[in-house]
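> predicted structure and sequence below. I'll ask about it afterward.
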Amino acid sequence: MSADDKTDRIFSRRLSEVKAFEFNQSVASVFQDMISRSVPGYSLLLRMIGLYADIFVTPASRVFDLGCSLGEASLLIADQTRAVDSRIIAVDNSQAMIDKCRRHGRGYENIEWRCEDIRQTSIDNASMVVLNLTLQFLQPEERADLLRTIYDGLNPGGVLVLSEKIVFDDTRENERMTQLYQGFKKTMGYSDLEISQKRNALENVLIPDSDRLHMQRLRQTGFEEVYQCFRGFNFVSYLAIKA
Ligand code: GEK
């Protein structure tokens, strides 16, 4: 692979051992291609985040992009918000990702790129918090605590954008959505070998919850308005608003 080839071929050759998935240097270098071909509706999800920024971000408040990867959502938020003196805190615990963010995001004075574990991030004066495909990487028992920290740090009227891969309680629906999702990945150019090796690498790393559990947990956290605003096969995005 040449240094400027950004195509994801990480799982294209048969591996003697499939190791647990990590957001390391080789993943960071092809991440844009990987996520665009792996998440149905990824570019639409980003555009929706830009739209929410325009509607919800208030002057002199903060926006948190937790698990920012290459910072695509943060850059869109910075471009789309008209709220003066707002500041974006973009957090990821992968040094390789944050190094790339710092290079791409040069010139965006209102974005702070932080290499930090989101479980350690203190949240305050927030008008918007983004968890775009990140909560699923925390251990299930840690998820409610993070949502509580986010809720407490949001200002009244503030919003959490939560996008996740989900599982279905109904076995038949789960099998059907898995079949459709694998079909989607094949249309995006991934082989059966790539799909199965990646699935093995993500086992116990990306642990999806059900829609029922997400809705219940968001409501129990205290969010007064909870909406599912997007769904593509087994990917959903919620908007949760604090009154
Ligand atoms: C996007 N939001 O393009 N602390 C900080 N970062 C973490 C942690 C943690 N505990 N766990 C995982 N991450 C992005 C896409 S990707 C989704 C998000 C995916 C980070 C991890 O390093 C990775 O960059 C990101 O969360 C998840 O809009 O790859 O499916």
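Sure thing, it's come through. Numbering: from 1, shown residues only.
> please report phi then psi for the closest residue to the ligand within the chain.
At 2.9 Å from the ligand, residue 67 is the closest residue in the chain, using CB to the nearest ligand atom. C-beta here means a position set from N, CA and C on the backbone, and glycine is covered the same way. According to degrees, to the nearest 10, the main-chain angles of residue 67 amount to phi 80, psi 60.
> next, count neighbours for it.
22 (other CB atoms under 10 Å).
> isn't it right up against residue 94?
No. Applying CB atoms under 8 Å, one finds residue 67 not in contact with residue 94, separated by 9.1 Å.
> packing partners of the lengthiest strand in the chain?
The single longest strand within the chain, with elements called by DSSP state E, is strand 154-167. Packing contacts for strand 154-167, counted by 3 or more CB pairs under 8 Å, 6 or more residues apart in numbering; DSSP states H and E, involve helix 42-56, strand 126-132, helix 143-153, strand 209-210, helix 211-221, strand 235-241.
> now do the helix or strand that it is followed by against strand 154-167, angle only.
Next along the chain after strand 154-167, taking DSSP states H and E as the criterion, comes helix 171-187. If you take axes from the mean of the first three to the mean of the last three CA atoms, to 10 degrees, helix 171-187 sits at 90 degrees to strand 154-167.
> helix or strand next in line after helix 171-187, which one?
Next along from helix 171-187, by DSSP H and E: helix 192-202.
> about what we covered before: let's have the helices and strands packed on strand 154-167 in JSON lines, adding mean neighbour count and mean pLDDT.
As requested, these are exported to JSON lines (neighbours: other CB atoms under 10 Å; pLDDT from 0 to 100):
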{"stretch": "helix 42-56", "mean neighbour count": "17", "mean pLDDT": "98"}
{"stretch": "strand 126-132", "mean neighbour count": "25", "mean pLDDT": "98"}
{"stretch": "helix 143-153", "mean neighbour count": "18", "mean pLDDT": "98"}
{"stretch": "strand 209-210", "mean neighbour count": "16", "mean pLDDT": "98"}
{"stretch": "helix 211-221", "mean neighbour count": "16", "mean pLDDT": "98"}
{"stretch": "strand 235-241", "mean neighbour count": "21", "mean pLDDT": "98"}
